[in-house]
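In: coords please:
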Amino acid sequence: MAKAPETANKKAATQTKIAAAAKATALAAKATRKANKKTFAANGAKYAAEYKATEAAAVAARRDAKAQGGFYVPQQPKLVFVVRIRGTIGVDPKAKKVLRLFRLLQIHNGTFVKLNEATERMLRLIEPYVTYGYPSLKSVKDLVLKRGFGKVNKQRVPISENAVIQDGLGLDSVQCVDDLIHEIFTVGDNFKATNNFLWPFKLSSPNGGFSSKTKLLHFLEGGEAGARGEEINALIKKML
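Out: Model prediction:
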């Protein structure tokens with residue numbers, strides 16, 4: 001029987017080596033996914049307990065204040081959700097610059113903004129073109145889960161699995177959807193990077209749309225523009 005050529009033997013050995021390496025990589029990836037699944041589940045439970053404790057503390061503080069005949073003043077919110085409600089015609093140049101800074105490039109785009117003295121001034125500047133308020137935890141979750149897209153290699157990728165967050169963000173503290181939601185809602189240390197990873201939300205027109213007349217009025221005057229506090233959550237629900 002003729003001996004196999006030396007090149008054939010080398011090729012077979014190389015293929016065996018490649019197959020073994022691929023199998024080892026697949027097994028390692030499977031083990032990592034299994035470990036991550038446990039870690040992510042634990043993180044989700046930890047955050048749920050944190051949210052519940054925070055809400056319970058607020059309820060207790062309100063009751064104590066009422067029992068003592070006073071008023072409970074909650075902490076100033078650190079997060080707002082901004083929705084663009086008007087187009088580009090007639091936009092003031094300074095307002096246009098702020099809209100670009102907030103990544104509100106199209107009508108019905110929405111983004112999260114960290115609330116501080118500087119952003120408050122910017123929001124007042126663009127009030128005729130946007131509406132904004134304080135999103136609830138449910139609203140943040142719904143936005144991320146239902147309309148969330150991430151920036152991966154400059155591409156708009158739906159957040160359909162945790163790998164999208166891991167590949168796009170590359171942060172040890174934000175590895176899964178629960179981590180991302182927690183970072184946004186609590187305005188954590190990595191809020192800026194996490195928020196920039198999120199593509200501006202593309203929302204639908206609310207049922208019935210915005211009236212051309214009410215869009216020009218402030219929310220406090222019966223219109224749509226400007227600050228609307230916690231009422232933003234009702235609008236988010238209509239636009240999802």
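
In: Please, where are all the strands along the chain?
Out: If you assign secondary structure with DSSP state E, the strands in the chain sit at 79-84, 109-114, 130-133, 149-152, 155-158, 201-202, 226-227.

In: With residue 171 as the reference, name the closest of those strands.
Out: Closest approach to residue 171 among the strands of the chain (C-beta to C-beta): strand 149-152, 12.3 Å. Just so you know, the C-beta spots here come from the backbone N, C-alpha and C atoms, and that holds for glycine as well.

In: if we look at the closest one, which residues are touching it?
Out: Strand 149-152 has contacts (C-beta atoms under 8 Å, 6 or more residues apart in numbering) with 156-159, 164-165, 167-169, 196-199.

In: coming back round to it: would you list the strands of the chain in a markdown table and tack on mean pLDDT and mean neighbour count?
Out: Listed next are those as a markdown table, based on pLDDT from 0 to 100; neighbours: other C-beta atoms under 10 Å:
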| stretch | mean pLDDT | mean neighbour count |
| --- | --- | --- |
| strand 79-84 | 97 | 22 |
| strand 109-114 | 97 | 20 |
| strand 130-133 | 95 | 25 |
| strand 149-152 | 93 | 18 |
| strand 155-158 | 93 | 12 |
| strand 201-202 | 96 | 18 |
| strand 226-227 | 88 | 20 |
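
In: In a markdown table, list those strands along with distance to residue 180.
Out: Compiled in a markdown table, the strands of the chain are given as follows (distance: least, C-beta to C-beta, whole Å):
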| stretch | distance to residue 180 |
| --- | --- |
| strand 79-84 | 14 |
| strand 109-114 | 11 |
| strand 130-133 | 21 |
| strand 149-152 | 9 |
| strand 155-158 | 13 |
| strand 201-202 | 14 |
| strand 226-227 | 26 |
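
In: Return the member of the contacts of strand 149-152 nearest to residue 227.
Out: Comparing the contacts of strand 149-152 against residue 227 with C-beta to C-beta places residue 198 closest, at 22.0 Å.

In: shouldn't the closest one be in contact with residue 109?
Out: No - no contact is recorded between residue 198 and residue 109 when judged using C-beta atoms under 8 Å, the distance being 11.8 Å.

In: circling back: quick one, which of the contacts of strand 149-152 are buried?
Out: Neighbour-count burial within the contacts of strand 149-152 applies to 157, 159, 164-165, 168-169, 197-199; the criterion is 16 or more other C-beta atoms under 10 Å.
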